[in-house]
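K.L.:
Need a 3D model of the sequence below.
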Amino acid sequence: MELTILGCYAATPRTLTNPTSQVLEIRNRLFLIDCGEGTQVQLRKNKIKFSKINHIFISHLHGDHLYGLIGTISTFSLLGRTTDLHIYGPKGIKELILIQLKLTESWTTYSLFFHELESKESEVVFEDQKVIVKTIPLDHRVYTNGYLFQEKPAERKLNIEAVKQYDIHVAYYQKIKNGSDIRLDDGRVIENEKLTFDPIAPMSYAFCSDTAYNESILPIIKDVDVLYHEATFLDSEAALAQKTKHSTSKEAATIALKANAKHLILGHYSTRYDGIEPFKTEAATIFPNVLLGDDGRSFEF
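P.N.:
Just a heads-up that it's a prediction; the model follows:
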């Protein structure tokens, strides 16, 4: 699982910082999460192929999380894209995009599918054979969802020496990898655990931005491998965080601790600060395994 941060600063784009956008690669799928202004430039800088992005997840309809979307959609057309593109986001996102395409007469060269969200409960919004994506209802000034990306358990690993020892025909290999026991010709039943090895444990990633401190998300993200949680402010601005429905670095760390997350990545920093190192310093007083998101930074897990 690899996460590439394209942008992770709050509010406006600046000379050296970009608003929220990131790419998650999980089980050979590429998911674009939020699409702030400048996203397509950042995709190019980080050498991420546009053609591999078939699903875009938008957290909420604030400009620093979606003003790059119409440009990205249009560029996909200019590049001759024909593959379907799916966009997930709050109700209203379809109208927002289609009116721009209509007035600019820039209809896409590919099919565009909108999955508009309204539920305030966690729900599955995407699922295939390898990955499932659920919403994480957040607490912000407008309707907002984070997203939980989970690998499905992989097939069990075949123990070739064991299956040869029992003289099991190759026709049964897939059944064994799927977890089934095998009955031999002499009537003996060989338990699957004797014929296979455990697969690599499935991984999970939770994107939580923008949001105030919100313990109601804990059951959804419990035991998550990697948690990206917004940390717009330092503790000195805790009152401002509460007023604007954002979080401090310490609050993000508290959520990570209570969720039993393995890793915490901070982001969505206010640009009022001279640097981002103090965010890690404060969070580390509560949760030990803190990573600082930054534009162009990649993490492999």
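
K.L.:
Can you give me the domain boundaries for the protein?
P.N.:
Under the assignment automatic domain parsing, the domains of the chain span 2-154+200-300, 157-197.

K.L.:
Would you tell me which one of those domains is buried the most?
P.N.:
domain 2-154+200-300 (a mean of 18; mean count of other CB atoms under 10 Å). (Glycine included, C-beta is placed from N, CA and C.)

K.L.:
got the end-to-end distance for it?
P.N.:
4 Å (CA to CA, to the nearest Å).

K.L.:
for stretch 59-68, same thing?
P.N.:
13 Å.

K.L.:
coming back round to it: rank the domains of the chain by mean pLDDT and give me the bottom one.
P.N.:
Across these, domain 157-197 has the smallest mean pLDDT, namely a mean of 92.

K.L.:
Now do that one: distance to the chain's middle.
P.N.:
Counting by CA atoms, centre = their mean, to the nearest Å, domain 157-197 is centred 36 Å from the centre of its parent chain.

K.L.:
swap in stretch 120-140?
P.N.:
Counting by CA atoms, centre = their mean, stretch 120-140 is centred 10 Å from the centre of its parent chain.

K.L.:
now do stretch 185-201
P.N.:
On the basis of CA atoms, centre = their mean, stretch 185-201 is displaced by 34 Å from the centre of the chain it belongs to.

K.L.:
Just say helix, strand or coil for Lys47.
P.N.:
State at Lys47, reduced to three classes by DSSP: H, G, I helix; E, B strand; the rest coil: coil.

K.L.:
if I look at it, how far off is Gly296?
P.N.:
Separation of Lys47 from Gly296 (CB to CB, to the nearest Å): 11 Å.

K.L.:
what's the answer for Pro13, then?
P.N.:
In this view, Pro13 and Gly296 are 14 Å apart by CB to CB.

K.L.:
For the protein, which segments are assigned as helices?
P.N.:
Here the chain has its helices, by DSSP state H, at 39-45, 63-66, 69-78, 93-103, 160-165, 173-177, 218-221, 238-244, 249-259, 277-283.

K.L.:
Would you format these as a markdown table with distance to Val125 included?
P.N.:
Shown next, in a markdown table, are these (distance: least, CB to CB, whole Å):
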| stretch | distance to Val125 |
| --- | --- |
| helix 39-45 | 20 |
| helix 63-66 | 17 |
| helix 69-78 | 17 |
| helix 93-103 | 13 |
| helix 160-165 | 39 |
| helix 173-177 | 29 |
| helix 218-221 | 13 |
| helix 238-244 | 27 |
| helix 249-259 | 21 |
| helix 277-283 | 29 |
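
K.L.:
Out of those helices, flag the one nearest Ile136.
P.N.:
Taking CB to CB, helix 218-221 is the member of those nearest to Ile136, at 5.3 Å.
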